[in-house]
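Enquirer: Could you work out the structure for the sequence below:
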Amino acid sequence: MSSNDNVAHALAGAGGGALSMIVTYPLVTLSTKAQTTATKKTNDTEAQKLTKEEYQQQLSKLAKTSFFQNVVKTLKQEGVTGLYAGLESAIYGIALTNFIYYYFYEYTSKSFVKSNLEKDRASRGLSTAQSMLAGAIAGSITSVSTNPIWVANTRMTVSKTQNGTIKTLINIVKTDGVGALFNGVLPALVLVLNPIIQYTIFEQLKNFLLKRSKKKSITPLNAFFIGALGKLVATSVTYPYITLKARMHLATKSTTEAGEVQKLTSISAMVKDIVKNEGVSGFYNGIRVKLTQSILSAAFLFYFKEELYQGSVRILRGIDYVRSTRPKKI
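Expert: Coordinates of the predicted model:
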């Protein structure tokens with residue numbers, strides 16, 4: 001059942017991620033727009049006529065816009081559908097991301113547990129170092145393989161002209177080349193720290209609760225709260241890189257000036273640009289909305305995952321049973 005168990009965790013993670021994304025997506029939209037405000041303003045014809053001081057004043061004003069004002073502005077300009085721009089690609093992205101992540105995380109974790117047992121150091125859970133290493137391996141594989149979908153999602157979220165995920169991906173390749181699908185992959189790899197921090201906190205708190213309760217699994221409600229806590233810490237620590245990744249997703253050949261093509265792929269160039277035009281606070285645009293979204297998303301993810309896991313196990317066992325009872329061909 002080991003292989004099936006990995007798949008069950010992957011399916012539960014994919015389903016839980018999709019459901020949590022649907023619940024919290026308006027907050028995803030608002031935080032993405034806040035993170036990429038400067039990128040959009042730089043491309044405006046009117047913005048390019050402003051002096052540096054006027055430009056920075058506008059950015060500062062936009063950064064201080066309240067959550068309520070952002071909601072009203074989006075509803076006024078784009079309607080209710082504006083809060084769900086790019087939802088299709090987000091569901092694809094989070095389902096695929098979580099499926100890949102949980103499969104490799106469980107696979108790596110079980111390898112560590114097996115190694116522990118062979119060394120007569122039986123444990124009900126992973127050590128902190130093992131949790132972090134499992135997260136690093138799973139996160140790195142996931143970041144590279146799903147980056148194109150998140151590039152498409154960022155552009156669909158920010159753009160007022162909405163296309164489907166596949167059409168957006170094709171347009172990106174046509175206008176900016178295949179390499180554009182991997183814009184922001186370097187900060188995405190650095191952001192592997194986010195799930196490492198999140199899942200390490202989750203695993204250690206889970207182990208603590210299991211030892212206290214002497215049960216085999218935690219309740220969905222327990223998962224909800226410790227998942228939220230883990231995400232709060234992880235997002236707070238890694239938010240500047242979340243902003244960098246979102247802005248690099250928007251970088252195109254048409255929006256870079258001659259001699260500045262390095263901005264398409266260079267983290268250092270993007271960092272200098274943000275510090276120069278917005279100051280350090282530019283890395284934290286939309287952090288309050290993002291924290292709210294991330295905490296709720298993670299909490300619902302772990303809640304739904306715990307609920308869906310048992311169902312996934314039963315389905316896979318049923319498939320195995322059907323296969324085993326099927327008459328063999330002679």
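Enquirer: neighbours around G179, how many?
Expert: When neighbours are counted by other C-beta atoms under 10 Å, G179 registers 12. Every residue, glycine included, has its C-beta placed from N, CA and C.
Enquirer: Need the pLDDT of it.
Expert: Predicted confidence (pLDDT) for G179: 87.
Enquirer: any idea how far L83 is from it?
Expert: G179 is 31 Å from L83, where distance means C-beta to C-beta, to the nearest Å.
Enquirer: Which helix or strand contains the residue sitting nearest the centre point of the chain?
Expert: In the chain, the residue lying closest to the centroid (C-alpha atoms, centre = their mean) is I94, at 7.0 Å. Assigned by DSSP states H and E, I94 belongs to helix 87-118.
Enquirer: What residues does M156 make contact with?
Expert: 85-86, 88-89, 162-163, 165, 168 (C-beta atoms under 8 Å, 6 or more residues apart in numbering).
Enquirer: Give the residue spans of the stretch 1-150 of the chain that score low on pLDDT.
Expert: Applying pLDDT under 70 to the stretch 1-150 of the chain picks out residues 1-3, 35-71, 118-126.
Enquirer: Quick one: the helices in the stretch 1-150 of the chain, in order.
Expert: For the stretch 1-150 of the chain, helices defined by DSSP state H, counting those that start in this stretch occupy the ranges 2-35, 37-43, 52-63, 67-78, 87-118, 128-158.
Enquirer: how far away is the residue lying closest to V185 once chain neighbours are set aside from T175?
Expert: The shortest distance from V185 to any non-neighbouring residue, by C-beta to C-beta, 6 or more residues apart in numbering, is to N147 (4.8 Å). According to C-beta to C-beta, N147 and T175 sit 17 Å apart.
Enquirer: Quick check on those two: which one has the bigger neighbour count.
Expert: Counted by other C-beta under 10 Å, N147 and T175 do not tie: N147 has more neighbours, with 21 against 11.
Enquirer: okay but that one is in contact with V178, surely?
Expert: No - using C-beta atoms under 8 Å, N147 makes no contact with V178, being 11.8 Å away.
Enquirer: hey, what's in contact with both of these two?
Expert: Common neighbours of N147 and V178, using C-beta under 8 Å, 6+ apart, do not exist here.
Enquirer: circling back: which strands and helices sit next to the helix holding I94?
Expert: helix 2-35, helix 128-158, helix 165-176 (3 or more C-beta pairs under 8 Å, 6 or more residues apart in numbering; DSSP states H and E).
Enquirer: buried sites along that helix?
Expert: Judged by neighbour count using 16 or more other C-beta atoms under 10 Å, the buried positions of helix 87-118 are 87-110, 112-113, 116.
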